[in-house]
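Asks: model this:
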Amino acid sequence: MSDDDDILLDRPASGICVVTLNRPARMNALTRETVARLNALLDELADDGDCRAVIITGAGRGFCSGQDLEASNSRNQAGTSGVIEKLAWQERFAGMGGRIRAMPKVVIAAVNGPAVGAGMAIALSADVRLATPSARFLVAAVRIGLTGGESGISYLLPRMIGAARAFDILLTGRPIEAEEAERTGLVRALVEADSLLPHAIAYARTVLANSPYSVAETKKLMWENLDASSYQAAVAAENRTQILGTMTQDYSEATAAFMGKRPPQFTGR
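Replies: Sure thing, here's the model as predicted:
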């Protein structure tokens, strides 16, 4: 496998793109080069009008084991990375999640095994998570002299499962096993490994049955209103987006289809 094969892109159905982290021998650990390629691909898909849903998964037994510690240790031993360079790369690692949240496509994490560190951050940054029974979520940096705050995890995790649970997990560095992830709502469902990708594609099709404006703007509202300064501010954003939606051709088509008792034919206009 060449370095350029560490990220794979497939288009299994209209509007659906599958991004596979493809370093199975290293549990899909992230090198700096892999991060750069993933960020570039996410930027490309964000601007791709033919792509409406992105499914992110991992090759082999794992989703993503986070930073490739072997490569990191080699740099540390060689003393080739100064603090400015390290911070710049840390920001690029964190940029993966930021891109996933910001792109106007629904993003589904199909977590097929361990999601560790930055891998866990990628999964948390997705809009929806599906997982296999062998999945586990882990950020153990607190055990090696770093912090549990990595690539947005300290922001995302308490908003998804509550602050009390997040404090426990990040302070101890313990894993979230698949059953707990489902029970606490971190993942939508547990799916057997051989059914995970078909299930994710079927779920994406369910979302894409709605109009492109509806999906993109609902995602945007959800993420933005997690940080709304007040209830009134959240409602104001909803009101503006709702009225803009009434001006689209797809809204007119949806109402006509409802009255005609037929499925709508959305065009993205």
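Asks: CA atoms for contacts and neighbours, from now on please.
Replies: Fine.
Asks: with adjacent residues omitted, what lies nearest to the spatially most central residue of the chain?
Replies: Residue closest to the mean C-alpha point of the chain, counted by Cα atoms, centre = their mean, is A126 at 2.3 Å. Nearest residue to A126, sequence neighbours excluded (Cα to Cα, 6 or more residues apart in numbering): V107, at 5.1 Å.
Asks: for the host helix or strand of that neighbour, the averaged confidence score.
Replies: According to DSSP states H and E, V107 maps onto strand 106-111. For strand 106-111, mean pLDDT is 98.
Asks: contact partners of it?
Replies: Identification of contacts with strand 106-111 by Cα atoms under 8 Å, 6 or more residues apart in numbering yields 52-58, 62-63, 100, 122-123, 126-132, 135, 196-197, 200, 204, 207, 215-216, 219.
Asks: next, the contact list for the nearest residue to L8 once chain neighbours are set aside, please.
Replies: Closest residue in space to L8, ignoring its immediate chain neighbours: T20 at 5.0 Å, by Cα to Cα, 6+ apart. Under the criterion of Cα under 8 Å, 6+ apart, the neighbours of T20 are I7, L8, L9, I56, T57, G58, A59.
Asks: and the last one, its phi and psi?
Replies: It stands for A59. Backbone geometry at A59, expressed as degrees, to the nearest 10, gives phi -80, psi 150.
Asks: what sits against it?
Replies: Here A59 is in contact with T20, L21, N22, R23, P24, M27, N28 (Cα under 8 Å, 6+ apart).
Asks: same question, T206
Replies: With Cα under 8 Å, 6+ apart, T206 has no contacts at all.
Asks: and it, how far is that from R165?
Replies: 31 Å (Cα to Cα, to the nearest Å).
Asks: where along the stretch 1-150 of the chain do the strands fall?
Replies: Taking DSSP state E, counting those that start in this stretch, the strands of the stretch 1-150 of the chain run over residues 7-13, 16-21, 53-58, 106-111, 114-116, 128-131, 136-138.
Asks: what distance separates the fifth one from the centre of its chain?
Replies: Shown here is strand 114-116, whose average C-alpha point lies 13 Å from the average C-alpha point of the whole chain (Cα atoms, centre = their mean, to the nearest Å).
Asks: packing partners of that strand?
Replies: strand 136-138 (3 or more Cα pairs under 8 Å, 6 or more residues apart in numbering; DSSP states H and E).
Asks: what's the helix or strand following the strand it packs on packed up against?
Replies: Downstream of strand 136-138, the first helix or strand assigned by DSSP H and E is helix 153-161. In this structure, helix 153-161 makes packing contacts with helix 118-125, helix 163-172, judged by 3+ Cα pairs under 8 Å, 6+ apart.
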